[in-house]
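Trainee: sharing a sequence plus its predicted fold:
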Amino acid sequence: MRAAGICQLLCLLGVLTSVPTGGHADFVSTPSEAEREAFASTLLEWRVGAAAGDPEAQWQLGNTYAVGIWVSRDNDEAYRWYRLAAEQGQADAQYAVGMGYAAGLVGLRNDSEAARWVSLAADQGHLGAQVMLAEWYTSGQRIPRNYPEAYRLYQAIAESGHWFGEYQLAQIYAEGRGVPQDHAKAARWYRAAAEQGIPDAQLALAELYANGQGVPRDGQESLHWFRRAARQNHALAQARLGAIYEQGIDVPANLILAYKWTALAARHPAIDACEILVWLESRLRPEELVQAKVMVAQFEPDWEI
């Protein structure tokens with residue numbers, strides 16, 4: 001095993017929190033005697049359980065060796081316990097082993113073994129495994145591209161209520177990727193993700209309402225979703241709001257707000273708004289330009305997630 005490889009993998013998988021540490025402070029301070037005794041007792045239970053073949057104990061013991069909190073880090077020992085747990089069907093361990101093969105952290109990179117173990121975890125409903133496998137099927141990375149399988153996985157994730165599956169399923173319907181294009185279904189799933197605060201979904205839903213695709217055209221509903229995305233510092237939504245206020249689309253024209261949102265969008269490297277900002281400055285009275293610049297300076301994102 002590469003040095004610290006399993007620990008890096010755990011960070012990737014987001015499973016470090018499954019090892020009890022008594023809080024973030026334990027990473028930077030000396031544990032108390034009571035904490036040491038409590039963890040020693042838990043560790044003993046895991047050792048006994050793992051030796052007896054309990055896959056959950058094997059998984060937790062693998063985490064403990066991988067992280068090296070209050071025990072010496074041992075990547076080989078961590079992987080040994082992960083593999084034993086995975087072979088007994090423990091989904092987290094199957095995902096960890098699969099991602100280890102994908103990243104080359106368990107010897108040489110092995111795409112077929114990565115796909116096999118991640119698929120086993122995905123079949124048990126493991127969210128991370130389902131997402132990864134769907135991405136591989138979509139991109140053709142590590143396994144042959146298979147849009148129907150990607151669709152099946154994203155649908156399962158979406159129906160579980162997770163925003164990532166909802167957004168990806170909306171994208172599939174919007175683009176007609178492996179299924180007939182269907183803007184109404186795209187709107188349904190964009191809304192589901194948008195209501196969970198996902199700015200990309202809010203922007204996409206706003207565009208559908210603005211253009212009347214899959215939903216009746218509704219300028220006010222479109223503005224609602226543009227504003228929610230823009231307030232989360234989404235550059236394209238900010239640029240669209242700037243254009244809406246400058247042109248007076250579904251709202252009275254307001255060059256102060258047009259300047260505000262355009263200037264905020266221009267903070268992002270991907271947005272080139274120099275010419276429109278110069279034009280807006282030429283149209284604003286000095287006191288209006290000051291007001292607009294103050295609004296830009298005082299803007300703070302209103303994160304929903």
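Mentor: Nice, thanks for sending it over.
Trainee: which residues touch A158?
Mentor: By Cβ atoms under 8 Å, 6 or more residues apart in numbering, the contact list for A158 reads G165, E166, Q168, L169, W189, A192. C-beta: built from backbone N, CA, C; applies to glycine.
Trainee: so which of those residues sit within helices?
Mentor: G165, E166, Q168, L169, W189, A192 (DSSP state H).
Trainee: before we move on, the earlier item: identify the farthest-apart pair in the contacts of A158.
Mentor: Taking every pair in the contacts of A158 and measuring Cβ to Cβ, the maximum separation is 11.5 Å, between Q168 and A192.
Trainee: what about the strands in the chain?
Mentor: Remark: no strands are assigned in the chain by DSSP state E.
Trainee: which secondary structure element of it has the lowest mean pLDDT?
Mentor: One helix or strand of the chain scores below all others by mean pLDDT, DSSP states H and E: helix 5-13, with a mean of 48.
Trainee: tell me the mean pLDDT for the biggest helix by length in the chain?
Mentor: The longest helix of the chain (DSSP H) is helix 33-51. For helix 33-51, mean pLDDT rounds to 90.
Trainee: repeat that for stretch 284-293.
Mentor: 98.
Trainee: and that stretch, how far out from the chain middle?
Mentor: Put simply, stretch 284-293 sits 39 Å off its chain's centre (Cα atoms, centre = their mean, to the nearest Å).
Trainee: using PDB, write out every CA atom in that stretch.
Mentor: Extracted as PDB, the C-alpha positions of stretch 284-293 are listed here (Å, rounded to 0.1, in the frame of the first residue of the first chain):
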ATOM      1  CA  LEU A 284     -26.400  56.000 -14.500                       C
ATOM      2  CA  ARG A 285     -26.400  59.300 -12.700                       C
ATOM      3  CA  PRO A 286     -23.400  59.700 -10.300                       C
ATOM      4  CA  GLU A 287     -25.500  59.200  -7.200                       C
ATOM      5  CA  GLU A 288     -27.100  56.100  -8.800                       C
ATOM      6  CA  LEU A 289     -23.700  54.700  -9.700                       C
ATOM      7  CA  VAL A 290     -22.500  55.200  -6.100                       C
ATOM      8  CA  GLN A 291     -25.600  53.400  -4.800                       C
ATOM      9  CA  ALA A 292     -25.100  50.500  -7.200                       C
ATOM     10  CA  LYS A 293     -21.400  50.100  -6.200                       C
END
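Trainee: list just the nearest of the contacts of A158 to E33.
Mentor: G165 (45.5 Å).
Trainee: distance of that closest one from A115?
Mentor: Distance, G165 to A115, by Cβ to Cβ, to the nearest Å: 20 Å.
Trainee: kindly report the same for A134.
Mentor: Taken as Cβ to Cβ, the span from A134 to A115 is 12 Å.
Trainee: higher neighbour count, those two?
Mentor: A134 (26 against 22; other Cβ atoms under 10 Å).
Trainee: that one reaches Y147, doesn't it?
Mentor: No - using Cβ atoms under 8 Å, A134 is not in contact with Y147, being 10.1 Å away.
Trainee: rewinding a little: can you put the ones in helices among the contacts of A158 in CSV and add distance to A239, pLDDT and neighbour count?
Mentor: Converted to CSV, these look like this (distance: Cβ to Cβ, whole Å; pLDDT from 0 to 100; neighbours: other Cβ atoms under 10 Å):
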residue, distance to A239, pLDDT, neighbour count
G165, 28, 96, 24
E166, 25, 98, 27
Q168, 24, 97, 24
L169, 26, 97, 28
W189, 24, 98, 26
A192, 25, 98, 22
